[in-house]
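Peer 1: need a structure here:
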Amino acid sequence: MAKTGNIKVLIIDNHPLFIMGLSSLLEKTSKFNIIGTVENYSNALKIAERENPTLVLMEIRLGIENGFDFIQKLKSINPDISILIISTLNEYFYSERILKSGARGYVLKTESADTIMEAINTVLDKKVYLSENTRERILHSMEGNADKDVNGDMTASVQMLSNRELQIFSLIAKGFGTIEIASTLKLSTKTIDAHKEHIKRKLHCNTAHELRHQAIEWANHCDSL
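Peer 2: Model prediction:
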């Protein structure tokens, strides 16, 4: 890894080939110093506390770990840190959340190398990077024209979920029950049940079956965007 630049970069992703490709892309310019490549947020936090990176390039969801909480922890270490999400998850449902958490941009892994470098340079300039479609959607929403998908108000309803609720909703879509979710997130079943009740109210679900159905429908909708 090249370590000659003054921009200290931390890369967090659980796909080694992607890390290799991204590292190779950064090493084409001498301004970057890759201080670490890790596969989970726990190890990344240790490096961030020790090295104080300038730029963090990260996937927003790694297994059961909560990327939103991690972003906030990074910002508590250094409020000026530039964070760019490079993800497989569709930005349609996540871009606004990551901005509210403290990241500066969101770009899909399927984008070209030139686009990813544009996103990196944009967040380093302390500007926000989002795709043109997402910028237009957010502007449209700010003007009072709420987005509607094929399922009516599902998109707006899901946007009302907290980050923890969205995490639980995603696990429900994968077929996890209350006990499995509690074990995965290291929370009590009582806490999970309380969150599920909040989700049901926000999504206008009367039963657990309806909640599971909406979770699966939402997950399929995300994949189709």
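Peer 1: Please name the nearest non-neighbouring residue to Q214.
Peer 2: Excluding its sequence neighbours, the residue lying closest to Q214 (Cβ to Cβ, 6 or more residues apart in numbering) is L203, at 5.6 Å. Bear in mind the C-beta positions are built from the backbone N, C-alpha and C, glycine included.
Peer 1: now M117
Peer 2: Per Cβ to Cβ, 6+ apart, closest to M117 is L25, 6.8 Å.
Peer 1: For the one you found, which residues are in contact?
Peer 2: The contact partners of L25, taken as Cβ atoms under 8 Å, 6 or more residues apart in numbering, are A113, I116, M117.
Peer 1: In strands, which of those residues appear?
Peer 2: If you go by DSSP state E, those have nothing in strands.
Peer 1: Select only the buried ones of these in ChimeraX?
Peer 2: Applying 16 or more other Cβ atoms under 10 Å to these, the buried members can be selected in ChimeraX as follows:
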select :116,117
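Peer 1: Relative to T54, which of the contacts of L25 is nearest.
Peer 2: M117 (15.6 Å; Cβ to Cβ).
Peer 1: Could I get the contacting residues of I19?
Peer 2: Listed by Cβ under 8 Å, 6+ apart, the contact set of I19 reads I11, D13, T37.
Peer 1: Tell me the bridge partners for the first one.
Peer 2: Yep, that's I11 we're talking about. T37, L57 (DSSP bridges).
Peer 1: which strands and helices sit next to the longest helix anywhere in the chain?
Peer 2: Scanning the chain for the longest helix, with DSSP state H as the assignment, gives helix 208-224. Other helices and strands packing on helix 208-224, by 3 or more Cβ pairs under 8 Å, 6 or more residues apart in numbering; DSSP states H and E, are helix 154-159, helix 163-173, helix 189-203.
Peer 1: tally of neighbours for the nearest residue to M160 once chain neighbours are set aside?
Peer 2: Setting aside the residues directly before and after it, M160 is nearest to K202 in space (Cβ to Cβ, 6+ apart), at 5.0 Å. By the measure other Cβ atoms under 10 Å, the count of residues near K202 is 16.
Peer 1: would you list every one of the helices in this protein?
Peer 2: Using DSSP H, helices in the chain cover 16-26, 41-51, 67-77, 91-101, 113-124, 132-142, 154-159, 163-173, 178-185, 189-203, 208-224.
Peer 1: Point out where this protein drops to low pLDDT.
Peer 2: 1-4, 138-156, 221-225 (pLDDT under 70).
Peer 1: any idea how far the residue nearest in space to the middle of it is from N33?
Peer 2: Centroid check for the chain by Cα atoms, centre = their mean gives I60 as the closest residue, at 3.0 Å. Separation of I60 from N33 (Cβ to Cβ, to the nearest Å) stands at 24 Å.
Peer 1: Likewise for T54?
Peer 2: Counting by Cβ to Cβ, the gap from T54 to N33 is 9 Å.
Peer 1: shared neighbours of these two, which are they?
Peer 2: Counting by Cβ under 8 Å, 6+ apart, the shared contacts of T54 and N33 are N6, I7, K8, V9.
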